[in-house]
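> structure of the sequence below:
(2 chains)
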Amino acid sequence: MKKLLIGVSMLMMLPFIACEDNKEDEAQKSVNIIEITTDNVNDGPYYFNFADAEKNSTNWHLSYQNLDAGGGNYMPSFSLANTVMLNVDKSLSFEDISEIPETSLFAPSNGKLGYMGEHEVLTYDTQVHKINVSDSNYIIYDTISHKVFKIHFDEYSSGVVMFRFAELASN
Amino acid sequence: MVIDANTGRGLYQANIIINKTDGTSTDLDGKFIFSGEFTFPVELTVSHIGFKAQTKFFDKKNIDEIKFILKREFIKMSELVVTGTRTQKLHDNVPIATEVISQDDINNSGAQNIADLLSQRAGVSLQTSVEGGSVLNILGMDSRYILILMDGQPITGRFNNRVALDQILINRVKKVEIVKGPNSSLYGSEAMAGVVNIITKDTDSIEYIDVSGQYNNTQNKFQNTGIKNGSQNLSINGYKPLNKVKIKFNANLNQMKNDKSIQLIEIDKVDKQILGGGIDWEFNKNQKFDLNIQMYNQDETGKSKLMNTNTKILRNNFSLSHNIITKSNWNIKQSMNSNTYSRNYVQIRPWGDVEKDDTTNEDYSEYELLVNKSFGSNEITAGFETYNATYKSDRILSGKQKLKNQSLFAQYDKVFLNQISAIIGLRIDNYSEYSSVLSPRVGFMYRFKENWKFRTSWGQGFRAPSFMERFIDWNHVQFNYLVQGNPDLEPEKSEGINIGIEYVNTSKYQMSLMFYQTKFENLIEDFAIKPGLLSYQNIDKATFSGLELMCQLRISDQLDSRWGINWVNNVDGQNKTIPNTIPLSLTGSTNYKHPKKPVNFSINTKWVGSYRPQEYDPIKGLFVFAEKKLAAYSLIRLKSTIKISDYFNLSIGVNNVNNYTNNRFGPFVGRSAYIEISSKIKKGNKQ
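Now for the predicted structure:
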């Protein structure tokens, strides 16, 4: 009888334990994720400032424009400002990234996000002639403001890209 | 009386030829009557599709006791084929090698559409086009080099230069005939490397109604939304003879929703509706009219956060033909065909901006006259064709283009001593846009040691440049390059030879080995005029060669097997492999019928050998070899059909059992399961 009572009590506790976990999850996910839709790259270059969460062609972190991929062919490409360092995470889901990676894991971002770059955002599927979006999470560190942002690119369609980002706060 | 040896019942619609001239056929009980003045002995030949023909002589003494007991053929060489010669010939006698995908093969395949069916063959591969539809590659050749016919007539709607074979649903298809090698001497442009003829016409003339429903799930599991996802198909076909008029009708509804096969091209839902009907009217013993109307409608929708797309395809086909047999036994057939096709593709941003709204319209009208006569062992066929084609598209220069063609063709066919059969043909095509083209062909068949046949044929073919290749003026929004047509393109030319040997024992097995080689000149390929500007040009030569071994084997009354091996070597003028060439592939199917219970089980397999695929390099404007070879892979399909009552069959199947996928080179759809209930109710006998 005693074992039965303990068993029933533990079963009744389960929802609360689960709720506790959910609260932790929700705390992690309460990071303010902002969804951005770029302009059409074919209408001209697009620049974005993460700190201000808006387009900014003078003080920008991310640029999106058609760059000569060689032979005069222009491919839509992303690139980061020289003042920005990059870390790429392929293991966690975007929502689950809540901690800032160690500083040593950030590296200069030169050309890595562009066409044929090491971590290119937009990939060209040569079989079906289609541009796909990388599933990687990009974590950037702005060496001027010392802010860190996580970014995920969700979709590309005829020159327009949708991406999400959120600032990662240091503990 | 004519009796089926297996059932002991009378055989309906067996053909009776009396003294090689007059003919009649059996009634529902297998009985037949003939009258007239005959000189004895009377020679009677009885034939029926799927049965071994018999010839017997009767004199005055036994003329009242005529009885034929026909045995079923495992290898159906007594069926009529039409594609290789444009006249009906027994498969056994046709000098041009013709591969037939029979009704049984179609039933056992589990395929939903023609693209799916053909892709199960050795030497055939299928790619999903990012702009919709399936691009078929036959023996390493893009399907634009293979003429696709439906009941002998070309199909309109050559979007992106190719017929979308996934738009032809399988339910109404009776069989498919495939003829490899140049066939322009009979069919003109596009038949430069082969012809695929999809035959829907029913050889039955008995009243029937045929209903089937299929649900196919490509998600590997039933989701919470139940059967709303996956694809569903409902088809109804019927045939009703009313004295001298026969009415036929068909309706087909097909829906794909959140199905893997369309998710790849970012489409959420595809609806296809087909409605058709026709009348066969036997005006008198020597004259027949045949009217057919088919209407096809397809709606595709896709939604994402950045783009909503909608594609609407409409296709209407109308055909009227008149057959007359003159007193001097000339068989004259004239037919009119009118086909219209339209495709509207719209891209709208969720916030309302219209990114693209382009429409393509294609109209095709044709008149054809075909005359044919047999003189003993000689047969002459000649014809005249004229067509007008109009192509209007937002993607081509000046929006609208026209093409006119007149052609004459003739063919002579002779059989020597029942052993040798030879055929010679020539066609001249005169186009409004470029000079005339001559296409000859010669074929030869030698039958030896009763069961062996040697066949060879040589021919020249051509393909006129398409409207798109000549007049396209299109900006590729995604990649920022322009494609401009080349109005000065010359027709592509081909010259091919087939050599084959075949062994047939109609009750047990069949084996055929065929070597084919087709040489191309003036191949049309895309190239970069300058960076960012692509066009088309006639290029150097290419040689497509292959070897094909096909076998059918009846292991027992319950078990039979079919398999084929295909080796392909396609190279360009610099001896480099042509893109999409799969050097070695193998296909096999085994069917088992339970001896007592009404259960049938089929396994279909396809094995594709290792090859190095090629990818398009957008910068060079060329195909380049991928860094790594693609490992060999196999695809397995299972299907079981159970007769659940006198009128209903239940089929369950699994496609791609081993769940092999490759997101770059295909197949793109992994394991999928389906269930189908079908019924065919014929007057006079059950299913």
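> could you use CA atoms for every contact and neighbour count after this?
Fine.
> how near is the most centrally placed residue in chain A to B:D92?
In chain A, the residue lying closest to the centroid (Cα atoms, centre = their mean) is A:I151, at 1.7 Å. Distance from A:I151 to B:D92, counting by Cα to Cα, to the nearest Å: 68 Å.
> ok, now B:S494?
Using Cα to Cα, B:S494 is found at 28 Å from B:D92.
> and the two? Which one has more around it.
Neighbour count, other Cα atoms under 10 Å in any protein chain shown: between B:S494 and B:D92, B:S494 has more, with 28 against 17.
> local confidence estimate at the more buried one?
With respect to pLDDT, B:S494 scores 88.
> pretty sure it contacts B:K541?
No. Under the criterion of Cα atoms under 8 Å, B:S494 makes no contact with B:K541, lying 9.5 Å away.
> shared neighbours, those two?
Any residue near both B:S494 and B:K541 by Cα atoms under 8 Å, 6 or more residues apart in numbering or on different chains counts here, and that gives B:K519, B:F520, B:E521.
> from these, which is closest to chain A?
Among the shared contacts of B:S494 and B:K541, B:F520 lies closest to chain A (Cα to the nearest Cα), at 24.5 Å.
> ok, back up a step: you'd agree the residue nearest to the centre of chain A is up against A:D135?
No. With contact defined as Cα under 8 Å, A:I151 does not count as touching A:D135 (10.6 Å).
> tell me the domain boundaries of chain A?
A:1-30, A:33-168 (automatic domain parsing).
> pLDDT weak spots in chain A?
Chain A contains residues with pLDDT under 70 at A:1-31, A:70-73, A:126-129, A:171.
> which residue ranges form the helices in it?
Using DSSP state H, the helices of chain A run over A:2-29.
> chain B now?
Under DSSP H, chain B gives helices at B:103-109, B:114-118, B:184-187, B:260-263, B:467-471.
> with neighbour count, distance to chain A and pLDDT added, can I get the shared contacts of B:S494 and B:K541 in a markdown table?
Conversion of these to a markdown table gives the following (neighbours: other Cα atoms under 10 Å in any protein chain shown; distance: Cα to the nearest Cα, whole Å; pLDDT from 0 to 100):
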| residue | neighbour count | distance to chain A | pLDDT |
| --- | --- | --- | --- |
| B:K519 | 21 | 26 | 91 |
| B:F520 | 24 | 25 | 89 |
| B:E521 | 18 | 26 | 90 |
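> save these as CSV, and put in distance to A:D96 too.
Formatted as CSV, the shared contacts of B:S494 and B:K541 follow (distance: Cα to Cα, whole Å):
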residue, distance to A:D96
B:K519, 59
B:F520, 58
B:E521, 59
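> out of those residues, list just those in strands.
B:K519, B:F520, B:E521 (DSSP state E).
> identify the bridge partners of the second one.
With DSSP bridges as the criterion, the beta-bridge partners of B:F520 are B:S494, B:A542.
> and residue 154, what does it touch?
This is for chain A. Here A:D154 is in contact with A:V133, A:D135, A:V161, A:M162, A:F163, A:R164 (Cα under 8 Å, 6+ apart).
> please go with chain B instead
Contacts of B:P154 (Cα under 8 Å, 6+ apart): B:L147, B:I148.
> how close does it get to chain A?
Going from B:P154 to chain A by Cα to the nearest Cα, to the nearest Å gives 27 Å.
> not counting sequence-adjacent ones, nearest residue to the residue nearest to the centre of chain A?
A:F165 (4.3 Å; Cα to Cα, 6 or more residues apart in numbering or on different chains).
> next: B:N566.
Using Cα to Cα, 6+ apart, the nearest residue to B:N566 is B:E548, at 4.6 Å.
> how much space between that neighbour and chain A?
On the measure of Cα to the nearest Cα, B:E548 and chain A end up 28 Å apart.
> isn't that residue right next to B:I565, touching?
Yes. With contact defined as Cα under 8 Å, B:E548 counts as touching B:I565 (5.7 Å).
> how many residues are close by B:K593?
B:K593, neighbours per other Cα under 10 Å, totals 18.
> where's it relative to chain A, distance?
B:K593 is 42 Å from chain A, by Cα to the nearest Cα.
> residue contacts, that residue?
B:Q558, B:L559, B:V599, B:N600, B:F601.
> then B:I33?
B:T24.
> now with 10 Å?
B:M1, B:I16, B:T24, B:S25, B:T26, B:D27 (Cα atoms under 10 Å, 6 or more residues apart in numbering or on different chains).
> where's the residue lying closest to the third one once chain neighbours are set aside relative to chain A, distance?
Closest residue to B:T24 apart from its sequence neighbours, by Cα to Cα, 6+ apart: B:I16 at 5.2 Å. Here the distance between B:I16 and chain A works out to 55 Å (Cα to the nearest Cα).
> what about the longest strand along chain B, distance to the chain center?
For chain B, the strand that runs over the most residues, judged by DSSP E, is strand B:354-375. Centroid separation for strand B:354-375 versus its chain: 17 Å, with Cα atoms, centre = their mean, to the nearest Å.
> quick revisit: just the buried residues from the contacts of B:K593, in ChimeraX please.
What follows is the ChimeraX syntax selecting those of those that are buried according to 16 or more other Cα atoms under 10 Å in any protein chain shown:
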select /B:559,599,600,601
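> show me the contacts of B:K593 that map onto strands.
B:L559, B:V599, B:N600, B:F601.
> please work out how many residues are found near residue 123.
You didn't say which chain, so I picked chain A. Counted with other Cα under 10 Å, A:T123 comes out at 19.
> my question was about chain B
For B:G123, the neighbour count with other Cα under 10 Å is 28.
> all strands for chain A, in order.
Counting by DSSP E, the strands of chain A are A:34-37, A:46-49, A:54-55, A:62-68, A:74-80, A:84-89, A:107-108, A:122-125, A:130-133, A:137-142, A:147-157, A:160-168.
> other residues contacting the third one?
This means strand A:54-55. Residues contacting strand A:54-55 (Cα under 10 Å, 6+ apart): A:I36, A:T38, A:D39, A:Y46, A:Y47, A:F48, A:N49, A:W60, A:H61, A:L62, A:S63.
> sorry, back to before: which ones are touching the residue nearest to B:N566?
Contacts of B:E548 (Cα under 10 Å, 6+ apart): B:122-123, B:500, B:512-516, B:564-568, B:584-586.
> now swap in B:S235 and tell me
With Cα under 10 Å, 6+ apart, B:S235 has these contacts: B:169-172, B:210-214, B:250-254, B:273-275, B:678.
> please, a ChimeraX command that selects the buried ones among the residues you listed?
Selection of buried members from the contacts of B:S235 for ChimeraX, criterion 16+ other Cα under 10 Å:
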select /B:169,170,171,172,210,211,212,213,214,250,251,252,253,254,273,274,275,678
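> I'd like to know which of the contacts of B:S235 are part of strands.
Among these, the members falling in strands (DSSP E) are B:210-214, B:250-254, B:273-275, B:678.
> just checking, the residue nearest to A:I151 touches A:I139?
Yes. The pair A:F165 / A:I139 is scored as a contact, 9.3 Å apart, by Cα atoms under 10 Å.
> can you check which residues contact both of those two?
In contact with both A:F165 and A:I139: A:F149, A:K150, A:I151, A:H152, using Cα under 10 Å, 6+ apart.
> quick one: which of the residues you listed has the most company?
Result: A:K150 is most packed of the shared contacts of A:F165 and A:I139 (other Cα under 10 Å), 26 neighbours.
> that older thread, so among the contacts of B:E548, where is pLDDT lowest?
In terms of pLDDT, B:G123 ranks lowest among the contacts of B:E548, with 73.
> state the distance from that residue to B:S342.
32 Å.
> ok, now which ones touch B:K414?
Contact partners of B:K414, counting by Cα under 10 Å, 6+ apart, are B:95, B:374-380, B:420-424, B:444.
> one more: B:F57?
B:I18, B:N19, B:F40, B:P41, B:V42, B:E43, B:L44, B:T45, B:I63, B:I66.
> looking at the residues you listed, which one is closest to chain A?
Nearest to chain A among the contacts of B:F57, with distances taken as Cα to the nearest Cα, is B:T45, at 55.7 Å.
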